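Q: Pasted the sequence and its predicted model underneath.
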Amino acid sequence: MDFKDKNILITGASSGIGKQTAIEFAKLGANIILIARRKEKLDEVEKELKKFNILTLVCPCDVSDKTQVKEMSKTVLEKFGSVDVLVNNAGFAIYGYVKDLSVDEIESQMKTNYFGMMYCIKNFLPSMLEKKSGHIVNVASVAASFGLPGIASYCASKFAMLGFSEGLKHELNGTGIGITVVSPIMVRTEFFDHPSFEKMPKYSPTSLSSKTVAKAILKAANSPRLEIIVPNLVRGAVWFKHTFPYFINPILGKSFKKQLDSIK
Ligand SMILES: NC(=O)c1ccc[n+]([C@@H]2O[C@H](COP(=O)([O-])OP(=O)(O)OC[C@H]3O[C@@H](n4cnc5c(N)ncnc54)[C@H](OP(=O)(O)O)[C@@H]3O)[C@@H](O)[C@H]2O)c1
């Protein structure tokens, strides 16, 4: 797909990966629909996009609320007619032992990270199917492949995202619509500003820039693949986990548990 004049909708566009993805698509002449809860932040991103001479729309929306997503999709489709690329990127994590997290805290991660994605797909897929074109990019994480202590409920939401995407990909075969999951390792964004991460070292030396992940999202929007892991070499670790689970799982589990025990 040539992105010029295409309509790209990005959830979680007020910061981090989503904001950078908006900039990268805008550089290629795409129209950008910016979705998140904080309107003032979305307005700032929209201001930054003005120099690219494209159409933009700021649409504040809490993706975990299906009524808001329905309203938002109505507004978007009235203004743009269709969405060519839907980037489901809104997401967050709460760090801590499952025994210490409240049911609401666990549910809230599923509601935004998984149900938010599903609500957006349910509202935009019909127009894509009618047009027989489009691509859905779901931003998951390597946490979609490894169940880790401290972020068990976050992992569950990303496993769910990957499973849903795999099933839907088979359903969409032959329709002209693609779906690809982008799964990065740690990225330097506001993600770790959540108070539950307070005592964690903010970033590891290997953590990625938003730009690296944004570039992978652009690649994903034109890819026939189910999942793009960023960086690519981490695909080896996922293969290793599935092939030798009894070897890698205890090592990873022990090291993440040690970190959790030391700061909680
Ligand atoms: N940073 C990492 O290490 C990392 C690694 C792998 C995957 N990811 C994934 O990458 C995605 C983007 O995260 P990021 O790293 O860029 O973090 P970020 O800077 O904190 O961005 C998260 C975005 O999601 C939006 N958001 C959160 N809850 C929302 C809701 N209920 N409705 C609408 N928007 C909502 C936030 O905007 P508002 O607060 O304005 O709503 C913000 O724009 C997430 O899905 C995350 O799971 C991150």
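A: That came in fine, so what should we check first? Numbering: from 1, shown residues only.
Q: pLDDT wise, what is Y246 at?
A: At Y246, the model reports a pLDDT of 89.
Q: Neighbours of it, how many?
A: Counted with other C-beta atoms under 10 Å, residues neighbouring Y246 total 6. Quick note: C-beta positions are derived from backbone N, CA and C, even for glycine.
Q: For the helix or strand harbouring it, name the packing helices and strands.
A: Per DSSP states H and E, Y246 falls inside helix 245-263. Here helix 245-263 touches helix 234-243, going by 3 or more C-beta pairs under 8 Å, 6 or more residues apart in numbering; DSSP states H and E.
Q: The helix it packs on close to the ligand?
A: No. Helix 234-243 stays clear of the ligand (C-beta under 6 Å from any ligand atom), getting no nearer than 11.0 Å.
Q: what is the orientation angle of that helix with helix 245-263?
A: Compare the direction of helix 234-243 with that of helix 245-263 by axes from the mean of the first three to the mean of the last three C-alpha atoms, to 10 degrees and you get 110 degrees.
Q: Tell me the buried residues in the helix holding Y246?
A: Neighbour counts over helix 245-263 (16 or more other C-beta atoms under 10 Å) mark 248, 256, 260 as buried.
Q: The residue lying closest to the last one once chain neighbours are set aside: neighbouring residues, count only.
A: This points to L260. Setting aside the residues directly before and after it, L260 is nearest to G150 in space (C-beta to C-beta, 6 or more residues apart in numbering), at 4.2 Å. Under the neighbour criterion other C-beta under 10 Å, G150 is assigned a count of 23.
Q: who's in contact with G150?
A: 95-97, 256-257, 259-260, 264 (C-beta atoms under 8 Å, 6 or more residues apart in numbering).
Q: which SS state does the nearest residue to V76 once chain neighbours are set aside fall under?
A: Distances taken as C-beta to C-beta, 6+ apart place I33 nearest to V76, at 5.5 Å, with adjacent residues excluded. Here I33 takes the strand state, with states given by DSSP: H, G, I helix; E, B strand; the rest coil.
Q: Which secondary structure element is home to I8?
A: Counting by DSSP H and E, I8 is found in strand 7-11.
Q: helices or strands up against that strand?
A: helix 16-27, strand 31-36, strand 85-88, helix 116-131.
Q: Measure how far the shortest one is from the centre of its chain, please.
A: Here the centre of mass of C-alpha atoms in strand 85-88, compared against the chain's by C-alpha atoms, centre = their mean, to the nearest Å, lies 9 Å away.
Q: now do the last one
A: On the basis of C-alpha atoms, centre = their mean, helix 116-131 is displaced by 16 Å from the centre of the chain it belongs to.
Q: So which residues on the stretch 51-200 of the chain come close to the ligand?
A: 62-64, 89-92, 112, 116, 139, 141, 184, 186-187, 189-191.
Q: now, which of those residues lie within helices?
A: G116 (DSSP state H).
Q: PyMOL command to pick out the buried ones of the residues of the stretch 51-200 of the chain next to the ligand?
A: The PyMOL command for the buried members of those (criterion: 16+ other C-beta under 10 Å) is given here:
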select buried, resi 62+63+64+89+90+91+92+112+116+139+141+184+186+187+189+191
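Q: Of the residues of the stretch 51-200 of the chain next to the ligand, which belong to strands?
A: Within these, residues falling in strands by DSSP state E are 139, 184.
Q: Would you mind measuring from the nearest residue to N123 once chain neighbours are set aside to L125?
A: In this structure, N123 finds its nearest non-sequential neighbour in S73, 3.6 Å apart by C-beta to C-beta, 6+ apart. Distance from S73 to L125, counting by C-beta to C-beta, to the nearest Å: 10 Å.
Q: how about the helix holding Y246 as PDB, C-alpha atoms only?
A: Extracted C-alpha coordinates of helix 245-263, given in PDB (Å, rounded to 0.1, in the frame of the first residue of the first chain):
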ATOM      1  CA  PRO A 245       9.800 -24.600  27.200                       C
ATOM      2  CA  TYR A 246      11.100 -26.600  30.100                       C
ATOM      3  CA  PHE A 247      14.600 -25.000  29.600                       C
ATOM      4  CA  ILE A 248      13.800 -21.300  29.000                       C
ATOM      5  CA  ASN A 249      10.700 -20.800  31.200                       C
ATOM      6  CA  PRO A 250      12.400 -21.500  34.500                       C
ATOM      7  CA  ILE A 251      15.300 -19.200  33.700                       C
ATOM      8  CA  LEU A 252      13.200 -16.300  32.600                       C
ATOM      9  CA  GLY A 253      10.700 -16.800  35.400                       C
ATOM     10  CA  LYS A 254      13.400 -16.900  38.100                       C
ATOM     11  CA  SER A 255      15.100 -13.800  36.800                       C
ATOM     12  CA  PHE A 256      11.800 -11.700  36.600                       C
ATOM     13  CA  LYS A 257      10.700 -13.000  40.000                       C
ATOM     14  CA  LYS A 258      14.000 -12.000  41.600                       C
ATOM     15  CA  GLN A 259      13.500  -8.500  40.300                       C
ATOM     16  CA  LEU A 260       9.900  -8.400  41.500                       C
ATOM     17  CA  ASP A 261      10.900  -9.700  45.000                       C
ATOM     18  CA  SER A 262      13.700  -7.100  45.300                       C
ATOM     19  CA  ILE A 263      11.400  -4.100  44.700                       C
END
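Q: That'll do, ta.
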